[in-house]
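In: kindly return the folded structure for what I paste below:
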Amino acid sequence: MLTVRYRTDAPATASVATPWLEVVNTSGKTVNLADVTLRYYYTADGDSPYGSNCVQTSIGCSHVTQKTGVAEDPAENADHYLQIGFTPATGSLAPGRSSEGIGLQLYRVDHKKLNQANDRSFNAGDATYSPSKLVTAYVRGALVWGEEPNGDTSASGQVTSSAAPDPAAAAPPKAVLFDDFAYTGPHDPALSANGWTVRSGEGGPGIKDTWSTDGVSFPAGEDGKGGQALQLRARTDGTEQGTRQSEFHTTRPAFFTGTLVARVHFSDEPTSGTDGDHIAESLFTISPDHASSKYSELDYEYMPGGGWGRLGPRLDTTSWRSSERGDRVTSSHTTKLSGWHTMVITAVDGTTTYSLDGKDLFTSGSRYFPRERMTINVSAWFIDLPFKGASRTWDMRVDWLYYESGKAVSPKAAEKAVSDFTTAGTHYINTLPKP
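Out: Next comes the predicted model:
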């Protein structure tokens, strides 16, 4: 009914496994891709959870789900699997048609190297696509291609082991951007494919020209059960030469009106070294052109050690109309925020509201309402350098980010949507209308 073709360009020992899979409809009937799931089998190395993401596919990575799991009946070279599924919006395969290549990544969340030599579905010799029965395919839970590690099939093709996959994920909602940051590092090709970039090089704010990709990583997420988070590290020894700042943002303006929700971890103390820096841990949206006549900016800026001549800890919420003229309105909150928080910016009907953990903090009116699309940014940077000495590091993390365009969304509704996405194995969605 289906044939699965496989190739890889990664050696047996690698930082990232790169299976490419292709589904070919070899039956005489049209197959709904939402009914199809695939399993790629591997042996877990060490105690680290595994992560995965979609790098490239003509059907769109927003429509490809991935989940790693422990095999129900572990076998030699196959105690875990990567399961791939498709959303209803993916469409169908007519007889003889192919999904074309689906580029995937599989990696340890601690980012140590993999040993693929004992992974059942890996074959270093498959540099070009060829059929592989070591990758299994199912239609509505029935095994239609491949050989399960410890299973068999009946004459009717029904699975006799316990490996029937989960139901397909729901179709992605319209006008949504979601990411739970399942990436291998700051140079992962999936970042640019999904519309993100890691800043490096020149400019402000803070200590100018000290932005570096080295501070961006993707460690385990809040629940510690295999999900990942975006981490931004800033470090300094009190000199400009010894300072590095981190920023992560969308490559194109994505936010205009609607609701932006993020699950953020703030640090009140350095991860290493002596306390006392004026660090800013920020979530914000901003016009790409600071000189634009429609300049817009919406900011959260947490300063655990204070800054700008004020004591900390302090959280500023600010809506800007002009960066060049300093035209803005700000509400400052004296509060200690070490730990995880749900942060929301809601911009609808001429009013912008900032809320933290379900409590409204500040509302700005129509004069400071967004007038053009903005990038979505997260950054960790130093306002100034108050003292020299041994190096110290500061870490900020974001477990997930959710933006729904054009409407107000409650934190609970956003968290429910995120939970549904991650349960289904959806790591990334972008159904925002094109500018």
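
In: quick one: A89 and P172 touch, right?
Out: Yes: with contacts counted by C-beta atoms under 8 Å, A89 reaches P172, the gap being 6.6 Å. All C-beta atoms are positioned from the backbone trio N, CA, C, and that covers glycine.

In: what are the buried residues along the longest helix belonging to the chain?
Out: Counting residues, the longest helix found in the chain (DSSP state H) is helix 411-424. By neighbour count on 16 or more other C-beta atoms under 10 Å, the buried set for helix 411-424 is P411, A414, A417, V418, F421, T422, A424.

In: what about the helices in the stretch 101-250 of the chain?
Out: Here the stretch 101-250 of the chain has its helices, by DSSP state H, counting those that start in this stretch, at 189-193.

In: quick one: contacts of the longest helix of the chain?
Out: 65, 85, 166, 169-170, 173, 176, 178, 180, 227, 259, 261, 263, 342, 344, 355, 357-358, 400, 402, 404, 427, 429 (C-beta atoms under 8 Å, 6 or more residues apart in numbering).

In: stretch 93-106 too?
Out: Applying C-beta under 8 Å, 6+ apart, the contact partners of stretch 93-106 are 7, 16-31, 33, 40, 42, 50-59, 64, 66, 68, 82, 84, 114, 129, 184, 188, 190.

In: how about the strands in the stretch 201-350 of the chain?
Out: Using DSSP state E, counting those that start in this stretch, the strands of the stretch 201-350 of the chain run over 216-217, 230-236, 246-250, 258-266, 279-286, 297-303, 314-322, 327-333, 339-348.

In: go on, the stretch 1-150 of the chain?
Out: Secondary structure of the stretch 1-150 of the chain by DSSP E, counting those that start in this stretch: the strands cover 2-8, 13-14, 19-25, 31-32, 36-42, 50-57, 64-75, 78-86, 92-93, 102-108, 114-115, 130-131, 135-139, 142-145.

In: just confirm H341 contacts V261, I think it does.
Out: No: in this structure H341 lies outside contact range of V261 using C-beta under 8 Å: 11.0 Å.

In: more neighbours: the two, which one.
Out: V261 (25 against 16; other C-beta atoms under 10 Å).

In: run through the bridge partners of the more buried one.
Out: Counting by DSSP bridges, V261 is bridged to V344, Y402.

In: and what of the one 4 residues further on?
Out: Following DSSP bridges, H265 is listed with bridge partners W340, R397.

In: shouldn't it be in contact with W394?
Out: No: counting by C-beta under 8 Å, H265 does not reach W394; the two are 11.7 Å apart.

In: comparing those two, which residue is more hemmed in?
Out: Legend: neighbour count by other C-beta under 10 Å for H265 and W394, higher for W394 (30 against 19).

In: would you mind measuring from that one to G273?
Out: Distance from W394 to G273, counting by C-beta to C-beta, to the nearest Å: 9 Å.

In: what touches both of the two?
Out: Counting by C-beta under 8 Å, 6+ apart, W394 and G273 have no shared contacts at all.

In: which residues sit against stretch 197-206?
Out: Residues outside stretch 197-206 that contact it (C-beta under 8 Å, 6+ apart): 186, 191, 208-209, 211-213, 216, 245-251, 280, 379, 381-384.

In: would you mind measuring the gap between the ends of it?
Out: Terminal residues of stretch 197-206 are spaced 19 Å apart (C-alpha to C-alpha, to the nearest Å).

In: list the buried residues in it.
Out: Buried residues in stretch 197-206 (16+ other C-beta under 10 Å): T197, V198, R199, S200, G206.

In: show me the shaky parts of the chain.
Out: Within the chain, the ranges that satisfy pLDDT under 70 run 152-170, 225.

In: again, only using 50
Out: Residues of the chain meeting the criterion pLDDT under 50: 153-163.

In: which residue is nearest the middle of it?
Out: With the centre of the chain defined as its mean C-alpha position, the nearest residue by C-alpha atoms, centre = their mean is F181, 1.9 Å away.

In: now for the residue nearest to that one when sequence neighbours are not counted: which residues touch it?
Out: Closest residue to F181 apart from its sequence neighbours, by C-beta to C-beta, 6 or more residues apart in numbering: L230 at 4.3 Å. Taking C-beta under 8 Å, 6+ apart, we find L230 in contact with F181, V216, F218, F248, V378, R397, V398.

In: list the contacts for F266?
Out: Contacts for F266 (C-beta under 8 Å, 6+ apart) come out as E281, Y302, P304, L337, S338, G339, H341, M396.

In: again, only this time at 10 Å
Out: Residues near F266 by C-beta atoms under 10 Å, 6 or more residues apart in numbering: 279, 281, 283, 300, 302, 304, 313, 315, 336-341, 343, 380, 394-397.

In: so what would you say the end-to-end distance of stretch 226-246 is?
Out: Taking C-alpha to C-alpha, the first and last residues of stretch 226-246 lie 24 Å apart.

In: what do you get for stretch 271-291?
Out: Length of stretch 271-291, first residue to last, C-alpha to C-alpha: 37 Å.

In: so for it, what gets flagged as buried?
Out: G273, D277, H278, I279, A280, E281, S282, L283, F284, T285, I286, S287.

In: one more: stretch 376-395?
Out: Buried, per 16+ other C-beta under 10 Å, within stretch 376-395: 376-383, 385, 391-395.
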